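J.: coordinates only, sequence not included:
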C-alpha cells in the first residue's frame, strides 16, 4: 500500500436495491431474482446494462455476466462469506480508480426458505466451505453446531476474559429489534426485552435463539462508478471514502484470538484511508450474524476499548435515539439474513446517507460504516461511505 | 447414542490417526522451526518447510473456550442431550477443538485443567476427547 489514501473518494455507490419480506419468503429466486435486483439497482442509478463493464459476484461471476449479457473488463468472484460484498466494493473501487472499468454491478440472492419449500421441506446439505476441508477432520467429529457454535466459543472466551454478560449481549438484540420495528419489510418487528432474549431457547451456550440471526430469503445489488461520473446520475452519490479487508483464519479452531477479529486491522485501515475517526461515524452497519459478532465489531473498529463492548452496548446507545445508531434496517437479527448478509449493510448505509429511510431515517447522516464479517469471524471487510459533502 | 461424524484421514495426518489406535496423542513438529503444527498439514505455516517429525504430547490441556450444544450439531441428535464442545490449549503450544466429557457439560469452564481421553471410532482409531483432571 502507498499512502493508504489512494482510493478515497475515487468511486461512488450510485445505485442500490434489496428484497426481503416480513414472511421471510420471496416468490422469485435464482437468476430471476438476481436479474430483478440488477435492474432495480441500475434504475436507481439511472444507468442501463449497456453501461456495465464490471461484475462482482460471490461465486462464478462469469456465469452471471453471461446470463446478463455483460462482457466485463473487470470480474471479481471473491467469496469469503458474508463480507464478500464489502470486499467487492473495495475491489471495484480500486478497479475504477485504476481505469480498469467504468460501471460495476454486484448482486446477491439467496432463498433458503423458499428453496426448502420447493424441495418439499428437505434441507439442502452443502459443505460449509469449498475446496480441501480440514474442518471435516478436525472439527466436525466434535458436533459443533455451525455456524452458531463457532460464535458461541468466541462469546465464551469474551465472557471469561472480560466479564461480558448474557444481558449485555442480549441488549444488542433488543436495540436491533427496536430498529426493525421501524422497517415495514423486517421479518420480526415486535419489540423484545433482555428477559425475552434470555428466556429464548439456549442454542449453543452462551447464545440463545434471539442472539442468533434469522434464516430468510433475501437479495440485493449495488452499482458503483467513478465519483466523477456519479455527479450526473439520478441519485446523490455515496462516496467510498475508505475500504479495507483482513482475514485471519477459516476454521474457528484456527482463529488467533477469539476475542479480537481481523476487523481490528481492516477497520483502522479503512478509517485511516477515509480520514475519519470512530467519533465521526453517524451510522454503523455492523454485521450481526450473532450478538457477539456485533459486539466484537464495536471494539475492533474502535468505538470502545477492547473488552468494553458489553457495557458500551448495555445502555441502549445502539438503538433509536442512541448515540451510535447500529443496524437501522433491523439487521441480520431481525430484518433479513439469507446466509451472506453483507449486501444489506451496504444498501442500508447508502439509503440512510441519501435520506431515504422513512420512519427509521437518521437526522442528516454524512458518514456510515458498512463492516462485514465472513465465515466464522474469519474475513472482515470494512467500508467507510460518505455523502457528497464529505468529498 | 448416535454415530459421530467419523473424521476422514488426510494423507498428511495418517501418523496422527495411526497413533490413536494405541490411544496416543501425537503432534506434528516442523524440524526447521522446531514448533508443533496443528492441524497437521503438508507445509509448515511458519516456514513452508516440509520436513516433519511426530512426537507424543503430554496429554494435558486447559480449556480455552467452551460451548454447550443444546441444539445438536453434525453427527448428533437431540436424544444425546447437551454436550460440551471446547477449544483446548496444549502446553506444547497448539489449540484444538474437542469435547470435554466425564462431567456435566455445564460444569466445563474456561481455565479448567483437562487430560486427553479416548472414544473409539468404528475403524479401530480413537477420537481424542478431554476429561477433567482427577
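T.: Good, I have the coordinates. Everything quoted here is computed from the prediction, not taken from an experiment.
J.: could you use CA atoms for every contact and neighbour count after this?
T.: Fine.
J.: so where is the chain shaky, pLDDT-wise?
T.: As the question left the chain open, I've gone with chain A. A:1-5, A:121-132 (pLDDT under 70).
J.: let me rephrase: I mean chain B.
T.: For chain B, applying pLDDT under 70 flags the ranges B:1-3.
J.: return the residues of it in contact with chain A.
T.: For chain B, the contact set with chain A under Cα under 8 Å from any Cα of the partner chain comprises B:4-10, B:39, B:64-76, B:85-87, B:95-99, B:110.
J.: list buried residues within those residues.
T.: Among these, those classed as buried by 16 or more other Cα atoms under 10 Å in any protein chain shown are B:4-7, B:9-10, B:39, B:64-76, B:85-87, B:95-99, B:110.
J.: need the contact list for the residue of the stretch 151-300 of chain A found nearest chain B.
T.: Closest residue of the stretch 151-300 of chain A to chain B, Cα to the nearest Cα: residue A:204 (4.5 Å). Shown in contact with residue A:204 (Cα atoms under 8 Å, 6 or more residues apart in numbering or on different chains): A:145, A:148-149, A:152, B:67-71.
J.: that's a strand at residue B:118, yeah?
T.: Yes - when DSSP: H, G, I helix; E, B strand; the rest coil is applied, residue B:118 is found to be in a strand.
J.: which one of the residues in chain B is closest to chain A?
T.: Residue of chain B nearest chain A, by Cα to the nearest Cα: residue B:73 (3.9 Å).
J.: which one is that residue nearest to, not counting chain neighbours?
T.: With Cα to Cα, 6 or more residues apart in numbering or on different chains as the criterion, residue B:73 has its nearest non-adjacent residue at 3.9 Å, and that residue is residue A:145.
J.: just residue A:372 next, same as before
T.: residue A:83 (4.1 Å).
J.: please give me every residue in contact with that neighbour.
T.: A:340-343, A:371-374, A:379-381.
J.: tell me the helices in chain B, going along the chain?
T.: Using DSSP state H, the helices assigned to chain B run over residues B:14-20.
J.: need the strands for it, in chain order.
T.: For chain B, the strands defined by DSSP state E occupy B:26-30, B:35-37, B:52-56, B:60-69, B:83-89, B:95-100, B:113-120, B:126-132.
J.: which residues does residue A:284 form a beta bridge with?
T.: residue A:326, residue A:369 (DSSP bridges).
J.: can you check residue B:127 too?
T.: Beta-bridge pairing of residue B:127 under DSSP bridges involves residue B:119.
J.: ok, which stretches of the stretch 201-350 of chain A are helices?
T.: A:227-230, A:263-274, A:291-300, A:309-314, A:342-354 (DSSP state H, counting those that start in this stretch).
J.: what sits up against the second one?
T.: So the one you mean is helix A:263-274. Residues outside helix A:263-274 that contact it (Cα under 8 Å, 6+ apart) are A:4-8, A:241-246, A:277-278, A:297, A:299-302, A:371, A:380-384.
J.: could you do the fourth one as well?
T.: Applying Cα under 8 Å, 6+ apart, the set of residues contacting helix A:309-314 from outside is A:164-165, A:167-169, A:171-172, A:295-296, A:298-299, A:304.
J.: got the phi and psi for the nearest residue to residue A:221 once chain neighbours are set aside?
T.: Spatial nearest neighbour of residue A:221, chain neighbours left out: residue A:107 (4.2 Å); criterion: Cα to Cα, 6+ apart. Backbone torsions of residue A:107, given as degrees, to the nearest 10, read phi -140, psi 150.
J.: residues near residue A:107, how many?
T.: 28 (other Cα atoms under 10 Å in any protein chain shown).
J.: tell me how far residue A:82 lies from residue A:341.
T.: According to Cα to Cα, to the nearest Å, residue A:82 stands 5 Å off from residue A:341.
J.: oh, I was asking about residue A:237
T.: Separation of residue A:237 from residue A:341 (Cα to Cα) stands at 23 Å.
J.: isn't residue A:87 right next to residue A:246, touching?
T.: No - counting by Cα atoms under 8 Å, residue A:87 sits too far from residue A:246 to count as a contact (9.5 Å).
J.: overlap of the contact sets of these two?
T.: Common neighbours of residue A:87 and residue A:246, using Cα under 8 Å, 6+ apart, are residue A:381.
J.: look at those two and report which has more neighbours.
T.: The neighbour count for residue A:87 versus residue A:246, taken as other Cα under 10 Å, is higher for residue A:87 (29 against 20).
J.: residue contacts, that one?
T.: A:78, A:244-245, A:381-382.
J.: any chance of these in a markdown table, with distance to residue A:349 too?
T.: A markdown table is the format used below for those (distance: Cα to Cα, whole Å):
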| residue | distance to residue A:349 |
| --- | --- |
| A:78 | 21 |
| A:244 | 17 |
| A:245 | 18 |
| A:381 | 14 |
| A:382 | 12 |
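J.: just the buried residues of these.
T.: A:78, A:244-245, A:381-382.
J.: ok, back up a step: gap between the residue nearest to residue A:221 and residue A:14?
T.: Counting by Cα to Cα, the gap from residue A:107 to residue A:14 is 14 Å.
J.: please identify every residue contacting each of those two.
T.: Taking Cα under 8 Å, 6+ apart as the contact rule, residue A:107 and residue A:14 both touch residue A:222.
J.: helix, strand, or coil at the closest residue in space to residue A:22 that isn't next to it in sequence?
T.: Setting aside the residues directly before and after it, residue A:22 is nearest to residue A:187 in space (Cα to Cα, 6+ apart), at 4.0 Å. When classified by three-state DSSP, residue A:187 comes out as coil.
J.: residue A:19 is in contact with residue A:187, correct?
T.: No - look at residue A:187 against residue A:19 with Cα under 8 Å: they stay out of range, at 11.8 Å.
J.: so for those two, which sits in the more crowded spot?
T.: Per other Cα under 10 Å, whichever of residue A:187 and residue A:19 has more neighbours is residue A:187, with 25 against 18.
J.: could you check how far the residue of chain A found nearest chain B is from residue B:69?
T.: Going by Cα to the nearest Cα, chain B is nearest to residue A:145 of chain A, at 3.9 Å. Distance, residue A:145 to residue B:69, using Cα to Cα: 7 Å.
J.: what's the local residue count around residue A:32?
T.: Residue A:32 is flanked by 11 other residues according to other Cα under 10 Å.
J.: what's the helix or strand for it?
T.: Here residue A:32, judged by DSSP states H and E, is contained in helix A:30-45.
J.: who's in contact with the following helix or strand past that helix?
T.: Scanning forward in sequence from helix A:30-45 by DSSP H and E, the next helix or strand is strand A:54-56. The contact list for strand A:54-56 (Cα under 8 Å, 6+ apart) reads A:61, A:65, A:72-78, A:88, A:92, A:101-107.
J.: of those residues, just the buried ones, ChimeraX syntax please.
T.: Buried residues among the contacts of strand A:54-56 (16+ other Cα under 10 Å), as a ChimeraX selection:
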select /A:61,65,72,74,75,76,77,78,88,92,101,102,103,104,105,106,107
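J.: quick revisit: just put the helices of the stretch 201-350 of chain A in CSV and tack on distance to residue B:35 and mean neighbour count.
T.: Below are the helices of the stretch 201-350 of chain A laid out as CSV (distance: least, Cα to Cα, whole Å; neighbours: other Cα atoms under 10 Å in any protein chain shown):
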stretch, distance to residue B:35, mean neighbour count
helix A:227-230, 50, 18
helix A:263-274, 26, 24
helix A:291-300, 30, 27
helix A:309-314, 35, 22
helix A:342-354, 38, 26
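J.: which parts of chain A are strands?
T.: Taking DSSP E as the test, the strands found in chain A are A:11-19, A:54-56, A:74-76, A:103-110, A:202-204, A:207-208, A:218-226, A:238-247, A:283-286, A:367-374, A:379-386.
J.: the residue of chain A closest to chain B - how many residues pack around it?
T.: By other Cα under 10 Å, 24 other residues sit near residue A:145.
J.: contacting residues for it?
T.: Contacts for residue A:145 (Cα under 8 Å, 6+ apart) come out as A:204, B:69, B:71-74.
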